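Trainee: Fold the following, please.
(chains A and B)
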There are 2 protein chains.
Amino acid sequence: MKISYKIWLDHHGKAFGDGPYELLRRVDKTKSLHQAAHQMGMAYSKAWSLIRTIEQRLGFPLLERKKGGASGGGSRVTPEAKELMNLYGRFRKDVKDSIEKIYRKHFGNSKSPHSPFS
Amino acid sequence: MKISYKIWLDHHGKAFGDGPYELLRRVDKTKSLHQAAHQMGMAYSKAWSLIRTIEQRLGFPLLERKKGGASGGGSRVTPEAKELMNLYGRFRKDVKDSIEKIYRKHFGNSKSPHSPFS
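Mentor: Numbers count the residues shown, from 1 in each chain, chains lettered A, B, ... in the order given. This next block holds a predicted model:
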């Protein structure tokens, strides 16, 4: 047996979670929403509408779009989005560690060796 | 902004979570899966198949059915299910407290008074 969970920030609806966090991390690395979406097996249109929805819910921009130029443009993560990513990353790590610890505390010491709780 | 999450025990698939926990608590009180399901606005057939699925995944019975008699039968929570409910209830309480604490730690002290993180 193991523990599973989904966790997200809610602000006028589902506002931020592991999916958007991973997407933004990849945009930050590749400087391209196209590439980030592609790496995650996500359609560009879906990634774009996800970003737009989150921006509306949180009330600040996540991406700056650079147009044209030799590189053909691209996307850059805004400072506000960076702050959110940093906060969320640390928050997420603490939640993971804590849930695993609490799970072991309650389900890791079952008396029966055949118990599904063990 | 607030934090939202779903958490469940996984054992050959989704095996136990808040919904089944609440359903079993109500069966334990009412001695009736019919009444428990009704109280939760759940179809009896759905409640029954949920219980069956969980029993298969966990490998032990959750309910004992009493047939007939003056009271027209009913359901009783098995000792194994009681143990699971007790474990899960304490686990769930710890998770709730911990996630709230971690959320406050990371998102409760934003510098900007207008930040959605506050």
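
Trainee: Can you spell out which helices and strands pack onto the lowest-mean-pLDDT helix or strand in chain A?
Mentor: Using mean pLDDT, DSSP states H and E, the weakest-scoring helix or strand in chain A turns out to be strand A:63-66, at a mean of 88. If contacts are counted by 3 or more CB pairs under 8 Å, 6 or more residues apart in numbering or on different chains; DSSP states H and E, strand A:63-66 sits against strand A:74-77. Placement of C-beta: from N, CA and C, glycine included.

Trainee: Summarise which helices and strands the next helix or strand after the strand it packs on is packed against.
Mentor: Counting by DSSP states H and E, the element after strand A:74-77 in chain order, helix or strand, is helix A:79-107. Counting contacts by 3+ CB pairs under 8 Å, 6+ apart, helix A:79-107 packs against strand A:2-10, helix A:18-30, helix B:79-107.

Trainee: Now mean pLDDT, distance to B:Gln56 and mean neighbour count too, for these, in a markdown table please.
Mentor: Below are those laid out as a markdown table (pLDDT from 0 to 100; distance: least, CB to CB, whole Å; neighbours: other CB atoms under 10 Å in any protein chain shown):
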| stretch | mean pLDDT | distance to B:Gln56 | mean neighbour count |
| --- | --- | --- | --- |
| strand A:2-10 | 96 | 17 | 16 |
| helix A:18-30 | 97 | 29 | 18 |
| helix B:79-107 | 96 | 14 | 16 |
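
Trainee: TSV please, covering these and showing distance to B:Lys46.
Mentor: Shown next, in TSV, are those (distance: least, CB to CB, whole Å):
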stretch	distance to B:Lys46
strand A:2-10	21
helix A:18-30	29
helix B:79-107	18
